[in-house]
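*Asks:* My questions concern the predicted model and sequence given below.
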Amino acid sequence: MADTPITTVEPRSRDADRSQLAILAAARDEFSRYGFAGARVDRIAENAQLNKRLIYYYFTSKDELFLAVLERTYADIRDAERQLHLADLDPAKAIRRLTEFTWEYYIAHPEFITLLNSENLHQARHLTQSSRIRELNSPLVQDLGDILERGRADGVFRGGIDPVQLYISIASLSYFYLSNHYTLSAIFGRDLMATKAHSERLSHICDVVLGYVLRD
């Protein structure tokens, strides 16, 4: 009786996955360093150690590659947020944890800020073409809305808070500080990237956010 053949993933499929991941990683570094306009596909191919033609096989243009990087960047932060299990925390702790996480993530992933800066310079022309971006971000809005409703029902949070507006505030309190720390440090004569300054900023952000959502 012949042995039953073992089903395995096709080597070409594995190679294709590895190639695309290598391209996206190299492209992320290139776009975050040089912006969309300054990025070069030749350098991406060199750093990915792949043929330039292979990049255009998977991504038909530089614009399509940049969009893929942006989508991967948003998918990564949303995946990390899901690991917080905010639904398992009481509402005030959940808001604090999301606020802390956002600050910590931006510090650990400066490419997130630089990529978004580049896309904003181009008036989000790539993201507006994405069929995935709203789907990627809508679970966060839903989860935040559920947390706010739990807090309101418990008498802890005030009512009428828009989860989208709240998240924009949480993100911007970290984003603006970190994306402008060079100019802000020069203007105010402080090293805003020092450890003590980071701690002070995070404490301030949490106080501002919780001060807004909590009932008097």
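*Replies:* Received, thanks.

*Asks:* Report the contact partners of residue 37.
*Replies:* By C-beta atoms under 8 Å, 6 or more residues apart in numbering, the residues touching residue 37 are residue 118. Just so you know, the C-beta spots here come from the backbone N, C-alpha and C atoms, and that holds for glycine as well.

*Asks:* Work out for me the element it sits within.
*Replies:* Using DSSP states H and E, residue 37 falls within helix 11-38.

*Asks:* Would you mind confirming that residue 54 makes contact with residue 19?
*Replies:* Yes - with contact defined as C-beta atoms under 8 Å, residue 54 and residue 19 form a contacting pair (6.3 Å).

*Asks:* wait, doesn't residue 71 sit right on residue 137?
*Replies:* No - counting by C-beta under 8 Å, residue 71 stays clear of residue 137, with 10.7 Å between them.

*Asks:* mind listing what's buried in the lowest-mean-pLDDT helix or strand in the chain?
*Replies:* Across the helices and strands of the chain, mean pLDDT, DSSP states H and E gives its lowest value to helix 11-38, namely a mean of 88. Of all the residues in helix 11-38, those buried under the rule 16 or more other C-beta atoms under 10 Å are 19-20, 22-24, 26-32, 35-36.

*Asks:* Select, from those residues, the two members most distant in space.
*Replies:* Across the buried residues of helix 11-38, no pair lies farther apart than 19 and 35, at 24.5 Å, counting by C-beta to C-beta.
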